[in-house]
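Student: Have a look at this fold, sequence not included:
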């Protein structure tokens, strides 16, 4: 049931087709409060074409609309406000949720098409920090939302496992490191060496030359350099997997930068064959003036390739390997120009599928207003944040429900979920300052607030000892339930908006609103009264539990049954 289409059809008919149904749907609005109606049409959008005052247009429309399918239609100033039939609406919505369960809200927009998602991508020999959180959880949420809408997501962790930083790390290890130290605490020790290198090279610039020589050896296949690189990579992956397991996130591929070392020659050959390479100060570039972009630097004057050469090879490989219908890159907003150049060069190379590449940029997480930085040592480890958030969740559980079974497991689900949810409730292009105590609160627009609302719904159902519902007895005309019912009905539309705009925050905000509507309903209604409306009220509670759990799942957040 799509009430907006029903309303739009009524308006389009009343206008004798002057606006199509789709055009009307695009103009429909949500009134600020339910007493103003459920859907509103702004008549002032017709004032110019109809040469009439908006309030008069609204009144005329009300007279022409067939009102039998609505509870009420009335003109309020320049708006036509529609009130839906509550009983029928409730029965239809609850039946659909209870019948479809976790599949409620599912769409088939993708028809099984593959979507590659380049996400997370930490650098080898450095710990996963809060700086990696956004790419990781945004990418994972998008994968879940894409799967919900009929696509086949393929999550690719494009590891930073190549580049001059490995020359720096090998040089640092050779100067200050020891095998025993690294084996005892691999990632933290490697980070310590890396930070020290950048402190020391300010006064000893010759270190940079030595680091470049080590990387040259690595590229040439030197036995010692290769052994150290492979060791650093192996130890890093072990550390990374612990964090990904905590977050509940898995990947389909860990092919990183090194994987494309033997695939860049083809890129250069294609560019040469198509006569796209031009010399500029000894370097080779692709002119992108017609795209209003700076030239793309493909090879430096010393013959070394750059990130864009590697990304071109990766894009070509992924198209051949997965035949994607979309290819997403969940990478920070500072790389917007890079991905514009990537698409432009692929287009110049003759690949029409370049249009299927989408950069999904996002803003920064700051701490006390400062950008996180590995080089300066101002790094906040994600492992520490997840541990601290779990401890905070446990403290609140001990205070609110000390007898709770499986407290440790629930505290972990709440603490980790709080960090993920806090990131995803922010529109991805917005930067935000991280404050852990605010993140793990059980009140306010937080993950624990949504989890708690769902746990409360499950608690009501346990008290009622209700698992089966009479689908022929779901008429619920209680005004207090109306906002919750409408929120339930809007789940599919929220999912569609989220997938088309690559914006997980739409789902997070939806979950907050549904939890808020349900908590208001629960505060004003005695759900467990044994009367003729009990079945419908409990069906509403169950429907809320189903949709909140599914909303959180799409975001990568767990839903404890008890809190």
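Tutor: Cool, the structure landed. Note that the coordinates shown come from a computational prediction; the quantities given were computed from them, not determined experimentally.
Student: Show me what secondary structure element comes after the helix or strand hosting residue 141.
Tutor: Using DSSP states H and E, residue 141 sits within helix 133-148. For helix 133-148, the following helix or strand on the C-terminal side (DSSP H and E) is strand 152-156.
Student: Next, the contact list for residue 314, please.
Tutor: Residues near residue 314 by Cβ atoms under 8 Å, 6 or more residues apart in numbering: 118, 158, 255, 260, 263. Placement of C-beta: from N, CA and C, glycine included.
Student: Revised request: answer the last question for residue 101.
Tutor: Residues in contact with residue 101 (Cβ under 8 Å, 6+ apart) are residue 546.
Student: and the gap between it and residue 547?
Tutor: 10 Å (Cβ to Cβ, to the nearest Å).
Student: cool, residue 210 as well?
Tutor: For residue 210, the distance to residue 547 equals 59 Å [Cβ to Cβ].
Student: of the two, who's got more company?
Tutor: Applying other Cβ atoms under 10 Å to residue 210 and residue 547 shows that residue 547 carries more neighbours, namely 27 against 17.
Student: got the contact list for that one?
Tutor: The contact partners of residue 547, by Cβ under 8 Å, 6+ apart, come to 97, 104, 105, 488, 491, 514.
Student: go with 10 Å
Tutor: Contacts for residue 547 (Cβ atoms under 10 Å, 6 or more residues apart in numbering) come out as 97, 101-102, 104-105, 454, 457, 484, 487-491, 510-511, 514, 518.
Student: Restricted to helices, list those residues.
Tutor: Secondary structure defined by DSSP state H assigns 97, 454, 457, 484, 487, 488, 489, 491, 510, 511, 514, 518 of the contacts of residue 547 to helices.
Student: thought residue 392 was touching residue 446?
Tutor: No. Taking contacts as Cβ atoms under 10 Å, residue 392 lies outside contact range of residue 446: 11.4 Å.
Student: intersection of neighbour lists for the two?
Tutor: Shared contacts of residue 392 and residue 446, defined by Cβ under 10 Å, 6+ apart, are found at 414, 418, 439, 440.
Student: Tabulate these (CSV), appending pLDDT and distance to residue 429.
Tutor: Formatted as CSV, the shared contacts of residue 392 and residue 446 follow (pLDDT from 0 to 100; distance: Cβ to Cβ, whole Å):
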residue, pLDDT, distance to residue 429
414, 98, 28
418, 98, 22
439, 92, 20
440, 94, 25
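Student: Of the residues you listed, grab the buried ones for PyMOL.
Tutor: To isolate the buried ones among these in PyMOL, judged by 16 or more other Cβ atoms under 10 Å, type:
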select buried, resi 414+418+439+440
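Student: For the shared contacts of residue 392 and residue 446, could you give me TSV that also reports secondary structure and distance to residue 204?
Tutor: Shown next, in TSV, are these (DSSP: H, G, I helix; E, B strand; the rest coil; distance: Cβ to Cβ, whole Å):
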residue	secondary structure	distance to residue 204
414	helix	48
418	helix	44
439	helix	41
440	coil	44
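Student: which pair in the shared contacts of residue 392 and residue 446 spans the largest distance?
Tutor: For the shared contacts of residue 392 and residue 446, the farthest-apart pair by Cβ to Cβ is 414 and 439; their separation is 10.8 Å.
Student: Need the three-state assignment for residue 557.
Tutor: Going by DSSP: H, G, I helix; E, B strand; the rest coil, the secondary structure assigned to residue 557 is coil.
Student: In contact with it, which residues?
Tutor: Residue 557 makes contact with 137, 141, 247-248, 413-414, 416-421, 424, 447-448, 450-451, 508, 511, 549, 551, according to Cβ under 10 Å, 6+ apart.
Student: And for residue 13?
Tutor: For residue 13, the contacting residues are 21, 64, 65, 66, by Cβ under 10 Å, 6+ apart.
Student: Show me the residues you listed that map onto helices.
Tutor: Short answer: those in helices (DSSP H) are 21, 64.
Student: Identify, from the contacts of residue 13, the entry nearest to residue 409.
Tutor: Distances from residue 409 to the contacts of residue 13, taken as Cβ to Cβ, are shortest for residue 21 (49.3 Å).
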